[in-house]
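K.L.:
predicted coordinates and the sequence they were generated for:
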Amino acid sequence: MNETWSTPGSLADVPAVILAGGLGTRLRSVVADRPKVLAPIGGRPLLTYLFDQLIAAGIREAVLATGYRGEQIEAALGTAYGPLRLRYSPEPSPLGTGGALRLAWPLLAGPSALVMNGDSYCQADLAALRAWHCERHAAATLLLAQVPQAGRFGRVDIDALGRVVAFKEKSGGNEPGWINAGIYLVEREFLSSIPADRVVSLEKDVFPAWIGRGLLGYPCAGCRFLDIGVPESYAVAERFFQEFQGRS
């Protein structure tokens with residue numbers, strides 16, 4: 001049995017990769033002097049909320065895949081955040097989400113990795129995600145959040161067993177549905193399939209190619225989701241975290 005499935009739910013042996021290289025062009029009208037992952041929310045960078053989530057789940061090491069103004073990210077955050085060790089994987093040129101993850105691969109120890117988008121947040125039980133992933137021996141699991149207007153993000157369709165069967169493009173429609181929440185648990189076989197040293201998109205290139213090959217979607221019912229990619233969503237971010245903290 002693959003050793004990654006020997007302790008379902010445990011995250012102590014799982015490193016995290018945070019994809020933090022986006023250009024953030026749509027957000028520059030309100031956050032123009034820094035990369036969007038450093039956008040201030042409640043007086044501190046968005047990334048620190050993700051760090052808190054990782055620490056709460058027992059993760060102790062995170063690799064930041066940086067690109068645009070990556071040196072600013074490293075200067076702001078340094079090499080540690082509480083018990084969380086921080087390492088950096090800077091892109092020499094934009095590689096896309098898949099290319100950035102593949103570049104970070106040599107810095108990752110262990111058979112599995114938790115991957116997170118640096119410009120979104122999903123209030124999810126990461127240990128439950130790993131337990132679900134391990135029980136099904138998945139190659140990669142996407143955490144899915146249910147939103148009232150899935151057309152803005154693009155829908156993810158799964159079958160009764162949680163297997164991803166289709167990705168639906170952004171439509172601008174108002175229908176509710178399950179969306180990719182920007183949190184993935186992936187195995188080495190998945191990471192090794194990503195081409196090196198080229199521009200690759202996880203969402204457009206890699207995930208669709210894994211349909212029918214061990215790509216699952218974990219429907220996280222009731223998980224609150226925030227994407228700060230546009231000014232309208234960034235404007236409500238502080239209230240989002242205040243409400244979340246008020247319930248904890």
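P.N.:
In hand now; what should we look at?
K.L.:
so where does residue 48 fall, helix or strand?
P.N.:
helix 46-56 (DSSP states H and E).
K.L.:
and the next helix or strand after that helix, how far out from the chain middle?
P.N.:
Next helix or strand after helix 46-56 toward the C-terminus (DSSP H and E): strand 61-66. Computed by CA atoms, centre = their mean, to the nearest Å, the separation of strand 61-66 from the middle of its chain amounts to 11 Å.
K.L.:
what helices and strands are in contact with the first helix or strand past strand 61-66 going along the chain?
P.N.:
Where DSSP H and E defines the elements, the next helix or strand beyond strand 61-66 is helix 70-77. On a contact count with 3 or more CB pairs under 8 Å, 6 or more residues apart in numbering; DSSP states H and E, helix 70-77 meets strand 61-66, strand 84-90. C-beta: built from backbone N, CA, C; applies to glycine.
K.L.:
any idea how far residue 18 is from residue 79?
P.N.:
The gap separating residue 79 from residue 18 is 14 Å, by CB to CB, to the nearest Å.
K.L.:
my bad, should have said residue 99
P.N.:
Relative to residue 18, and taking CB to CB, residue 99 is found at 15 Å.
K.L.:
go on, residue 100?
P.N.:
10 Å.
K.L.:
ok, residue 199 next?
P.N.:
19 Å.
K.L.:
got it, and residue 222?
P.N.:
Counting by CB to CB, the gap from residue 222 to residue 18 is 24 Å.
K.L.:
so for the two, which residue has more residues nearby?
P.N.:
residue 18 (25 against 8; other CB atoms under 10 Å).
K.L.:
I figured that one hits residue 64, correct?
P.N.:
Yes. Proximity of residue 18 to residue 64 meets the contact threshold set by CB atoms under 8 Å, at 5.1 Å.
K.L.:
which neighbours do these two have in common?
P.N.:
47, 118 (CB atoms under 8 Å, 6 or more residues apart in numbering).
K.L.:
and the strands in the protein?
P.N.:
Under the criterion DSSP state E, strands of the chain are mapped to 16-20, 40-41, 44-45, 61-66, 80-81, 84-90, 112-117, 120-122, 140-147, 155-158, 164-168, 177-187, 215-219, 225-227.
K.L.:
the third one pairs with which strands?
P.N.:
In other words, strand 44-45. Strands adjacent to strand 44-45 in the sheet, as given by DSSP bridges, are strand 40-41 (antiparallel).
K.L.:
how far off centre is the partner strand?
P.N.:
Distance, centroid of strand 40-41 to centroid of chain: 19 Å (CA atoms, centre = their mean).
K.L.:
ends of stretch 65-73, how far apart?
P.N.:
10 Å (CA to CA, to the nearest Å).
K.L.:
okay, buried residues for the helix holding residue 48 please.
P.N.:
For helix 46-56, a neighbour-count test (16 or more other CB atoms under 10 Å) marks 46, 47, 48, 49, 50, 51, 52, 53, 54 as buried.
K.L.:
packing partners for that helix?
P.N.:
strand 16-20, strand 61-66, strand 80-81, strand 84-90, strand 120-122.
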